[in-house]
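Q: just need the structure, nothing else, for what follows:
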Amino acid sequence: MTDFVDEILHNNFGLSSKVIEFCKDIEKEIKVYFNQVDKIAEYNQLKILHAMQKNNLSDIHFAATNGYGYNDLGRDTVENIYAEVFRAESGLVRPQLVSGTHALTVALFGNLRPGDELLSPVGKPYDTLEGVIGTRKMKGSLKEYDVTYKQVELLDDGFDYDGIKNAITSKTKMITIQRSKGYLWRPTLSVQQIKELISFIKGIKKDIICMVDNCYGEFVDYLEPSEVGADLVVGSLIKNPGGGIAPIGGYIVGKEEFVENAAIRLTAPGLGKDVGASLGLNQPILQGLFLAPQVVSGCLKGAIFAARIFEKLGFKVSPGYNEKRNDIIQAIQMNSPENVIAFCQGIQKGSPVDSFVIPEASDMPGYDSPVIMAAGAFVQGSSIELSADGPIKPPYNVFLQGGLSWHHAKLGIMTALQNMIEKNLINI
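A: Numbering: from 1, shown residues only. As a prediction, this is how the structure comes out:
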C-alpha cells in the first residue's frame, strides 16, 4: 500500500528514505510524551473559552476604531479577557506594543523612578533588554534616568538565595524575572520555581514589584506566573498567545496599579488605558488567543521531536526530550558555526514563506555577535511560527521554537536534518 506521506516527503521536499525512516522511529519513541502536552492544551483551551464566554464576547467587539480610540468597547473586552485568562486584576493588550521588548520597556519605565533599583535574581536578561537597562550603552536607557541595576547569577542547582537576600536594599523597587533562557544555556524556569522565588523575595521586602518576562512560556503549563504571586506578567502577541494570527501587539497583565502605570507610560499621564484605537485588530488578536493552546501544543511536540533526534545523534540538548517543558524553546549545542548555519538554512527551506531564501549570519542591533535567523513566517518576527536562530559564537548553540502545527514543525526539523546530512556535517 502506498504511503502517501512518505511519497510527498520524498518527491516534493527532497527527504531521503533514510531520513524518513529514522524520523519515523523517533516519532514512535516520543509519542508517549504527547499525552501530557495534549492535556495541558485542553485545560488552557477551556480556560480561554470560559473567559470569552464570561465577558460576553460578541462580534460587535470586532468593530474597528480609529483616532483616539475613546470608548473602544472591543479593546476593553480584549483586556478583560486577558485579565481573566491570566487570573490578573487588569490587562493592557495593545497593537501599539510593538514587541515583547517594548512591552517590557513600558512596564519598567512605567513603574520605576529616578533613584530606584531594578534587580534580576536570575542572571543576565535577554540581549535586547541590555540597552533598555543600560548595561549596554544606549540612548534613552533606564540608566540615563538614574535607575540602577543589579543581577544575581543563578547557581548550578537553582537560585542563589543568599545572594538575592544580600542584593535587596531599600532602593530595590522592582524585580525582573526572565522565565525563558534567551540565548543562555540554562533551564527555563518553571511556574513553581517562579512561585518559590517570588515568595522568598516578598518575605524580605513585601512591596517589591515582581515582574515576569513570560515570553515563550504562555500555555505551556496549567498555571501562569500571575497566578502564583507575580505583580506583572509581560509578553508578545506574536509569540504564544497570538496563536500565529495576531499580526502585532504585546500584553501586560497584573495588579491594577502597576498595569495602569504602564498604560500611562504607553500613552500619557491623564490618558492611560482610555485611549489607543484597536484599528480592527481585536478579531485576529482574540482568534489567535483562542487557537493559542493548540498552536503551543504543536510547538512542544516539535521541540520534543528535535530534542530526541539531536540527542540521539550525540548533541547536547536542553531540555531533554523526556524532561518537563516550561517554554517552547529547544536549545541544541551544535559545536560549530557550520552546524548552526546548516540547521537554520534547513529550517528556512521547510517554511511556507520565503522557503527559497538562504539565511546568513549578520550583525544585528542589540546583539554582541553575528546572529543567524531562519523564519519563513506569515508575520514578520513571529516566534510562534517555526523559526531557529542563534549567535555565531562558542559553543554554537541554536534555538528552535514555534510551529503553527505539529506536522509543519516535524517537516521543518526533518528538512534541517536533511540539509546537515547533505553538507556532510552529520550521519544517521
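Q: could you report the pLDDT at residue 127?
A: If you check residue 127, the pLDDT there is 82.
Q: and if you look at residue 366?
A: Reported pLDDT for residue 366: 61.
Q: check residue 27 too.
A: 97.
Q: quick one: contacts for it?
A: The contact partners of residue 27, by CB atoms under 8 Å, 6 or more residues apart in numbering, come to 305, 410. Using the backbone N, CA and C atoms, a C-beta is placed for each residue, glycine as well.
Q: tell me which element it is part of?
A: helix 17-30 (DSSP states H and E).
Q: enumerate the positions of that helix that are buried.
A: Going by neighbour count (16 or more other CB atoms under 10 Å), the buried part of helix 17-30 is 19, 20, 22, 23, 26, 27, 30.
Q: do stretch 260-276 as well
A: 260, 261, 262, 263, 264, 265, 266, 267, 272, 273, 275, 276.
Q: part of a strand, is the third one?
A: The one in question is residue 262. No: read with DSSP: H, G, I helix; E, B strand; the rest coil, residue 262 is helix and lies in no strand.
Q: so which of the buried residues of stretch 260-276 comes closest to residue 247?
A: residue 276 (16.1 Å; CB to CB).
Q: if we can go back for a sec, just the buried residues of helix 17-30 now: which is nearest residue 413?
A: residue 23 (8.0 Å).
Q: name the nearest residue to that closest one, sequence neighbours excluded.
A: residue 414 (5.4 Å; CB to CB, 6 or more residues apart in numbering).
Q: okay, now the one you found: neighbour count?
A: 24 (other CB atoms under 10 Å).
Q: quick one, what contacts it?
A: Residue 414 neighbours (CB under 8 Å, 6+ apart): 9, 13, 15, 19, 20, 23, 350.
Q: per-residue confidence at it?
A: pLDDT at residue 414 comes out at 98.
Q: what's the answer for residue 102, then?
A: pLDDT at residue 102 comes out at 98.
Q: contacting residues around it?
A: Counting by CB under 8 Å, 6+ apart, residue 102 touches residue 250.
Q: for the helix holding residue 27, the distance to its chain's centre please.
A: Chain-centre distance of helix 17-30: 28 Å, with CA atoms, centre = their mean, to the nearest Å.
Q: list the buried residues for whichever strand or helix holds residue 304?
A: Following DSSP H and E, one finds residue 304 within helix 282-312. Neighbour-count burial for helix 282-312 flags 282-286, 288-311 (criterion: 16+ other CB under 10 Å).
Q: which strands or helices does it pack on?
A: Using 3 or more CB pairs under 8 Å, 6 or more residues apart in numbering; DSSP states H and E, the elements in contact with helix 282-312 are helix 17-30, helix 34-54, helix 73-85, strand 316-318, strand 330-333, strand 397-401, helix 406-422.
Q: tell me the angle that helix makes with strand 397-401.
A: Between the axis of helix 282-312 and that of strand 397-401 there is an angle of 140 degrees, by axes from the mean of the first three to the mean of the last three CA atoms, to 10 degrees.
Q: now the angle between helix 73-85 and helix 282-312, please.
A: 40 degrees.
Q: give me the average confidence score over helix 282-312.
A: On average, helix 282-312 scores 98.
Q: and if you look at stretch 216-236?
A: 98.
Q: can you tell me the distance between the two ends of it?
A: 9 Å (CA to CA, to the nearest Å).
Q: please identify the buried residues of that stretch?
A: 216-221, 224-226, 228-236.
Q: still on that earlier bit, how close does the residue nearest to residue 23 get to residue 428?
A: According to CB to CB, to the nearest Å, residue 414 and residue 428 sit 11 Å apart.
Q: give me the common contacts of the two.
A: residue 19.
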